[in-house]
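In: what would the 3D arrangement of this be:
(4 chains)
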Protein chains: 4
Amino acid sequence: MNIEKIVLEQERKVTLTAYLQETGGRFAYIEKRPGILIIPGGGYQYCSEREADPPAMAFLKAGFQVFILNYSIGKDARWPNPLNDYEAAMEQIQTKAEEWRIYKDKIAVLGFSAGGHLAASAATMAQHRPAAAILGYAVTLGDMVKNCEETAPDVVSAVDRRTCPCFVFATRNDSVVPIENSLTFITALAKNGVSFETHIYAYGPHGFSTGDTSVEYKDSHLCSRAPKWTEDSIAWLRDVLGDFGDKTMTEPACPRHVTGDYEDYLSLECTLGYLRRCQNAAEAMEPFMKWLEENRQQVADSIGPAAGEITRREGMEGFFLMADNRTLREVLGNTDLSREEQEKLKEALEKIENPL
Amino acid sequence: MNIEKIVLEQERKVTLTAYLQETGGRFAYIEKRPGILIIPGGGYQYCSEREADPPAMAFLKAGFQVFILNYSIGKDARWPNPLNDYEAAMEQIQTKAEEWRIYKDKIAVLGFSAGGHLAASAATMAQHRPAAAILGYAVTLGDMVKNCEETAPDVVSAVDRRTCPCFVFATRNDSVVPIENSLTFITALAKNGVSFETHIYAYGPHGFSTGDTSVEYKDSHLCSRAPKWTEDSIAWLRDVLGDFGDKTMTEPACPRHVTGDYEDYLSLECTLGYLRRCQNAAEAMEPFMKWLEENRQQVADSIGPAAGEITRREGMEGFFLMADNRTLREVLGNTDLSREEQEKLKEALEKIENPL
Amino acid sequence: MNIEKIVLEQERKVTLTAYLQETGGRFAYIEKRPGILIIPGGGYQYCSEREADPPAMAFLKAGFQVFILNYSIGKDARWPNPLNDYEAAMEQIQTKAEEWRIYKDKIAVLGFSAGGHLAASAATMAQHRPAAAILGYAVTLGDMVKNCEETAPDVVSAVDRRTCPCFVFATRNDSVVPIENSLTFITALAKNGVSFETHIYAYGPHGFSTGDTSVEYKDSHLCSRAPKWTEDSIAWLRDVLGDFGDKTMTEPACPRHVTGDYEDYLSLECTLGYLRRCQNAAEAMEPFMKWLEENRQQVADSIGPAAGEITRREGMEGFFLMADNRTLREVLGNTDLSREEQEKLKEALEKIENPL
Amino acid sequence: MNIEKIVLEQERKVTLTAYLQETGGRFAYIEKRPGILIIPGGGYQYCSEREADPPAMAFLKAGFQVFILNYSIGKDARWPNPLNDYEAAMEQIQTKAEEWRIYKDKIAVLGFSAGGHLAASAATMAQHRPAAAILGYAVTLGDMVKNCEETAPDVVSAVDRRTCPCFVFATRNDSVVPIENSLTFITALAKNGVSFETHIYAYGPHGFSTGDTSVEYKDSHLCSRAPKWTEDSIAWLRDVLGDFGDKTMTEPACPRHVTGDYEDYLSLECTLGYLRRCQNAAEAMEPFMKWLEENRQQVADSIGPAAGEITRREGMEGFFLMADNRTLREVLGNTDLSREEQEKLKEALEKIENPL
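Out: Numbering: from 1, shown residues only, chains lettered A, B, ... in the order given. Below you'll find the model as predicted:
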């Protein structure tokens, strides 16, 4: 491994440290690597070493190129300085992507506490968006972040469907960053159809980093599940970015959005309920909807016994109660509608812009 | 192990199945066991066997006495029938607690989907409250539960500070019970100071039960973290109910409320911010507040570098920004205030009723 | 779940307890289940309840039908009484396999301590052989088992290539059953080409069963890895017996023998070294051996850089040093020998009886 | 983190790479760190990068200072060159221990394949012995290592009671380094009373390193348990070296030897059987042995029901059968022999040299 340390901004002491692993040679199947940019916490007053190297090692072991950002703090933390620091870091990584053997479109961000605020800003507001964000006991609420840095923005209200997939973890009894910071953020992700995973552990002190004995504060009261976030977030990144294949990365198992309802064009991944209410789709959907009316019981039964029961009792309305949240692909998957008809429907939908 | 099956209500076919393990004998250190009542899902239309025995085995292995409730379904599911079934089950368990070797005050409830709705009702509305609740992809919202059973109530609005600690898990892309059901519920728990843990896994089908290959539907797309809920919830129950000791259970590591602010009487577990604003506490707090004014920087520094920095810059207001969410015990723990003074303060607070 | 308790022998109080889970219905993809017979320990003086139900629950959760054998003890333990008890149990299970929904050829055995001796006897000497055996801190040495029951046999010397795959676990500092019992047994398995997995944990008391807090003796000094044997042995059983498929079990990932050298007929799974020395195979191997002589460097390089280096230096002898332990399939997999030639070789070998 | 690369021997291209983490500062409770020296494999023909950085990251995350040794290979690998390289590396680390913030007596070694041979040589023959050794699919047998490097010695025969505690892992079907290499080595450890832990996984290719997807060869058939060796070996190192305390390391939970029978002086950690047969101890043991004769049944019953039964039937001989492998501390712990007598016995034993 090599370490490169780059000064991004002299005066504000902004630096990017790159931990770069080999590719090729004995790593015959690895041509490039995904990347992750770590943003330590410290209340915008300092950058905590406890939240820099220790988590870095977990992602290095997993095969990532890892970067650590030391951003503007103290009086230099006036917004948008920290966000600009992030942009500079990502620009640097993008520029050097070939030299550093990185997949440009597979760079995640990991931020803790105030660094989690900056990572969440990156996920919601930046020019250079990360492909995924891991937020550890992150500050997200405007009211709250003002306690650290008065000019820093609320990020919850900045969430929209373009926000990248997020992995959010925290402890429920955090007495520095109240759990509402994580809860309101994931609620906003849910509302905007963004994919996410979240683990809120029963108890543990703010700033537990990896939760290893080598970073924990002595006598800290940390629940046994909390240190699992590193391996869980790595598995999640593999789901969202793909895993190592033969000189490539495999297809992600988890899409960016929970359904097609939040994508630019309609598709079989849209929910039945959404397509039913979407005027642009009415014409394309018409033959299928007619077919469905006659075959609803068959479909409902294949969805599950509860759907079957309710549909039997309450007809089409009962059917929609249980099927509207399903993607059209799920609904079709259970029918005997001909392949041909299904393909036709798929093609028709994919031409229609999503009138979000 | 013995199995007892008890008919709680003949006509509606309500039954309680008890899986009862030995105590004493070779289990020399076990006099009684904690219990857990499992409430399977099925949209209030049926009770799923997939969500009965398989999870039961996990809790039996962990040493629990396990009960399975088959409650009123279909046309019999009119509210409050299912809740009455739960009450009858808990009454039965309480009555037989001595015979069945159960700690009466350590009976948890575990519910899936619509059974999760019933478990959440138990946690928020029942006469016989469980000591802890595990809710798996549970229905909680009134609008949503009406899709299954029209008369069933919203449980989110029923959450208050008397709600028991909860462990909430689900998959983010559940197309049967939207994730908002879990999110609004934990948000309500947070607002009411109730202890909880939550795991929302990136993806997986509704009704995955334990996620074992022996219960999963074929070809289901379940993320690798999801099956961990069983061992994680068992570890959490040990935190909340205590673990096996020598013919007793150890003290729980996790209290019912996140701080003392939600308990009946004030204490050192209340947050500084709460006590500062609590008029009843003004007199008891006065000497400490005076001391604090002179020693704020010392305390702030010991809280952490960010707190130190901000306090230095912004005085008492800066201090409160960083310290108000901390319990008085945490704040005191870092001071040189005499043991005597601390004890006096503690005693004074514990006499004051919490004016919630 | 249902429990059936069957008396196998009245006078010696030999019983078989069956824990039987449902199949079909909501478990739509499960037609039958694999089984496991648990044989508790107790120095052939008693049968420990601590080693009966608690491990049973782990395998029930994993989808198995589980059986517990209470065998002859004390003065009744005279050999071959305990082994006869085992045979009677397996006969019972085989006879009822249809009724109990069990795959007849997928019944494993799990024994602890003296019960591990009986399980190892089953694996090596019984009429009704198990498909796999899990041995926990098992007694295997004749000298040692005599401490418990004078007439009981040594099982290490009974291991041969027909012994079933074994999962062997113990703690290194067991002061009741010295670790040599496990070590000599796995050494015998290795010598006979039998598949196995073994975990010897650094420390822990004899008789720790599942290692859960609900079975451990108070203040016992058990290392953190030890309780993992349950989930690891379940994963291993899936490798050896197959996992749940659609109304069937999938193909095992792990064969019964480490290579084809221990099977009844030769095959591509035999090692190159074995086939080279096997006179029956000389004719079939001749064309391939000629080809190999000319292509050894190509094959060696594809095996790995060390093999390449050594072959380059030391010619054919160097090649064999690195390739003799490889299966012919592995060696072929790396060559440009035509498909046709490979198929011919395969067919020729499979007709030749293994002259073991 | 800093990286330092030191050339230990110019001509043979022997280098030591040091990955050095911070101490003090935000890591307030860490004054020094334990160390681990990684020795990659490669058949003494090369040093594999796949077995250098990837495992390094696991131990860095766990808080270790990590070193990678590139030792003499190819024609330079003539013995004792590689062992000398190891000695030079350890000397370097010892010399710089203060500067590099390392606990001199807590430096482990980790070797893979041929590097495992070198690590095992370090554990059994070196001047600078490691405090613990982790051996991954290591070559240990003289016959076998000659395939790689003719002059390299057998290490199994070099094991004695001064060998450090070992963690040995491998896959059962390794076709490059047969499993006998690991089996004979742990058998030698057992014979010499050395503490160890071992995990032999059912199947997986030679050279799987961490087993992560970022190091595995494509399509490799690796069983699901194999990648767990990293976290298990880290937990084991904490047991053997101690864990991070407050500016110190905690006491190890696992001693170097399985009992006191292998230490320089006698103690209560010696087994009853050993002390009974040890002539030097006869006088010191005499009062206790007399007491024991009269109280054997009490002691046997407290040891366990099997011991009780057998002792009842067979008197003192039966008692010894079950108690001889127990340490005197274990035997005493269960008696009502006075504290005073116990202390006297302890003091007497600790003055007696072990006549090994």
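
In: look up the closest residue to A:Phe208, ignoring the ones flanking it.
Out: A:Leu222 (5.5 Å; Cβ to Cβ, 6 or more residues apart in numbering or on different chains). No exception for glycine: its C-beta is placed from N, CA and C like everyone else's.

In: quick check: the residue of the stretch 251-356 of chain A nearest chain D.
Out: The stretch 251-356 of chain A approaches chain D most closely through A:Ala253 (13.1 Å), counting by Cβ to the nearest Cβ.

In: give me the element that residue is part of.
Out: Per DSSP states H and E: A:Ala253 is located in neither a helix nor a strand.

In: spit out the contact partners of it.
Out: Counting by Cβ atoms under 8 Å, 6 or more residues apart in numbering or on different chains, A:Ala253 makes contact with A:Arg238, A:Asp239, B:Tyr203, B:His221, B:Cys223.

In: kindly recompute the last result at 7 Å.
Out: Taking Cβ atoms under 7 Å, 6 or more residues apart in numbering or on different chains, we find A:Ala253 in contact with A:Asp239.

In: kindly report the same for A:Val109.
Out: A:Leu37, A:Ile39, A:Ala119, A:Ala122, A:Ala123, A:Pro130, A:Ala133.

In: look up how far chain C lies from it.
Out: Remark: distance between A:Val109 and chain C (Cβ to the nearest Cβ, to the nearest Å) = 33 Å.

In: on the three-state scheme, that residue is what?
Out: strand (DSSP: H, G, I helix; E, B strand; the rest coil).

In: same deal with A:Ala18?
Out: A:Ala18 is classified as strand under three-state DSSP.

In: kindly state the beta-bridge partners for it.
Out: Counting by DSSP bridges, A:Ala18 is bridged to A:Glu4, A:Phe67.

In: next one: the longest helix seen in chain A to chain centre, how far?
Out: Criterion DSSP state H: the longest helix present in chain A is helix A:282-303. The chain centre lies 34 Å from the centre of helix A:282-303; the measure is Cα atoms, centre = their mean, to the nearest Å.

In: contacts for it next, please.
Out: A:275, A:307-308, A:311-312, A:316, A:319, A:322-323, A:331, A:334-335, A:337, A:345, A:348-349, A:352.

In: show me which of those residues are buried.
Out: Buried members of the contacts of helix A:282-303, counted by 16 or more other Cβ atoms under 10 Å in any protein chain shown: A:275, A:307-308, A:311, A:319, A:322-323, A:331, A:334-335, A:337, A:345, A:348-349, A:352.

In: would you map the strands across chain A?
Out: Applying DSSP state E to chain A gives strands spanning A:2-9, A:14-20, A:33-39, A:65-70, A:102-112, A:132-136, A:166-171, A:196-201.

In: got JSON lines for those strands, with distance to B:Asn81 too?
Out: Listed next are the strands of chain A as JSON lines, based on distance: least, Cβ to Cβ, whole Å:
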{"stretch": "strand A:2-9", "distance to B:Asn81": "65"}
{"stretch": "strand A:14-20", "distance to B:Asn81": "61"}
{"stretch": "strand A:33-39", "distance to B:Asn81": "52"}
{"stretch": "strand A:65-70", "distance to B:Asn81": "57"}
{"stretch": "strand A:102-112", "distance to B:Asn81": "49"}
{"stretch": "strand A:132-136", "distance to B:Asn81": "43"}
{"stretch": "strand A:166-171", "distance to B:Asn81": "38"}
{"stretch": "strand A:196-201", "distance to B:Asn81": "33"}
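
In: so which of these is the most surrounded?
Out: With neighbours taken as mean count of other Cβ atoms under 10 Å in any protein chain shown, the strands of chain A reach their highest mean count in strand A:132-136, at a mean of 29.

In: ok, the closest residue to chain C within the stretch 251-356 of chain A to chain B distance?
Out: Residue nearest to chain C within the stretch 251-356 of chain A: A:Pro305 (8.3 Å; Cβ to the nearest Cβ). Note on A:Pro305: its distance to chain B, by Cβ to the nearest Cβ, is 5 Å.

In: now A:Ser338
Out: 22 Å.

In: any idea of the pLDDT on that residue?
Out: As predicted, A:Ser338 sits at a pLDDT of 87.

In: contacts only, for it.
Out: Applying Cβ under 7 Å, 6+ apart, no residues qualify as near A:Ser338.

In: for whatever residue of the stretch 251-356 of chain A ends up closest to chain B, which non-adjacent residue is closest in space?
Out: Closest residue of the stretch 251-356 of chain A to chain B, Cβ to the nearest Cβ: A:Ala306 (2.7 Å). Leaving aside its sequence neighbours, A:Ala306 sits nearest to B:Gly43 (Cβ to Cβ, 6+ apart; 2.7 Å).

In: hmm, that neighbour is touching B:Cys148, no?
Out: Yes - in this structure, B:Gly43 is within contact of B:Cys148 by Cβ atoms under 7 Å, at 4.4 Å.

In: find residues that contact each of the two.
Out: With Cβ under 7 Å, 6+ apart, B:Gly43 and B:Cys148 have common neighbours A:Ala306, B:Ala114.

In: please identify which of the two sits among more neighbours.
Out: B:Gly43 (30 against 24; other Cβ atoms under 10 Å in any protein chain shown).

In: quick check: residues of the stretch 251-356 of chain A near chain C?
Out: Counting by Cβ under 7 Å from any Cβ of the partner chain, none of the residues of the stretch 251-356 of chain A come close to chain C.

In: show me where the stretch 251-356 of chain A has helices.
Out: Under the criterion DSSP state H, counting those that start in this stretch, the stretch 251-356 of chain A contains helices at A:272-277, A:282-303, A:305-323, A:328-333, A:339-350.

In: and of those helices, who's closest to B:Phe244?
Out: helix A:305-323 (38.1 Å; Cβ to Cβ).

In: could you give the mean pLDDT of that closest one?
Out: 89.

In: excluding chain neighbours, what is closest to the residue nearest the centre of chain A?
Out: The centre of chain A sits closest to A:Pro165, judged by Cα atoms, centre = their mean, with a distance of 1.8 Å. Excluding the flanking residues, the one nearest A:Pro165 by Cβ to Cβ, 6+ apart is A:Ser195, at 4.1 Å.

In: quick one: low-confidence parts of the stretch 201-350 of chain A?
Out: A:217-218, A:334 (pLDDT under 70).

In: which positions in it make contact with chain D?
Out: A:Thr210, A:Asp212, A:Thr213, A:Ser214, A:Lys218, A:Asp243, A:Phe244, A:Asp246.

In: I am finished for the moment; much appreciated.
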